[in-house]
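Chemist: No letters, just coordinates:
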């Protein structure tokens, strides 16, 4: 195990830890052929490319919210946390428009920094927000 701190190892102020984290469920239902009509690899690639330098994007095993597949969790940045931002669970992210809406919100600062989508706006993120899995989900 390295004895260097992240700051020493990267030579920076650990900017990756200060950013939002976007976690894509890729477990038993999400990211599999069970959710049809979506190129799951392309979704992950698109999010990584569009959020490069803005957020850390990572896949994970099942988040146990299969009824809402595909699930994405957006965790706030350090600044977002200080502004009372909390993780946002988004379900039914099953088309490119939904991923674009999420990308726009993360680029605007993410939870705590960007205003949540107006539920009456008709944007996919607003529709998905209504279907979000409760934050108290383990």
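Modeler: Now that the structure is in, tell me what you want to look at. What you are looking at is a predicted structure, and each value in this text was computed from that prediction instead of being measured.
Chemist: average pLDDT across stretch 78-96?
Modeler: Stretch 78-96 shows a mean pLDDT of 90.
Chemist: Helices of the chain, start to end?
Modeler: 6-10, 15-18, 40-50, 78-82, 96-107, 124-130 (DSSP state H).
Chemist: Now the fourth one: buried residues?
Modeler: Of the residues in helix 78-82, those with enough neighbours to count as buried (16 or more other Cβ atoms under 10 Å) are 80-81. C-beta coordinates here come from the backbone N, C-alpha and C atoms, glycine included.
Chemist: Local confidence estimate at the residue nearest the centre of the chain?
Modeler: In the chain, the C-alpha nearest the mean C-alpha coordinate belongs to residue 22, at 2.8 Å (Cα atoms, centre = their mean). What the model reports for residue 22 is a pLDDT of 96.
Chemist: what sits against it?
Modeler: The neighbours of residue 22, taking Cβ atoms under 8 Å, 6 or more residues apart in numbering as the test, are 47, 51, 55-58, 72-75, 102, 106.
Chemist: Then residue 55?
Modeler: Residue 55 sits next to 19-22, 74, 77, 106, 110 when contact means Cβ under 8 Å, 6+ apart.
Chemist: Residue 85 too?
Modeler: Going by Cβ under 8 Å, 6+ apart, the list of residues near residue 85 reads 76-77, 110-113.
Chemist: what's the answer for residue 112, then?
Modeler: 76-77, 79-86.
Chemist: and if you look at residue 82?
Modeler: Neighbour list for residue 82: residue 112 [criterion: Cβ under 8 Å, 6+ apart].
Chemist: change it to 7 Å
Modeler: Listed by Cβ atoms under 7 Å, 6 or more residues apart in numbering, residue 82 has no contact partners.
Chemist: How about residue 44?
Modeler: 24, 59.
Chemist: I'd like the numbering to begin with 387 instead of 1 from here.
Modeler: Let's use 387 as the start, then, which means that last one is residue 430.
Chemist: Which of the helices and strands in this structure ranks last by mean pLDDT?
Modeler: helix 392-396 (a mean of 46; mean pLDDT, DSSP states H and E).
Chemist: Could you report the neighbour count for residue 483?
Modeler: 14 (other Cβ atoms under 10 Å).
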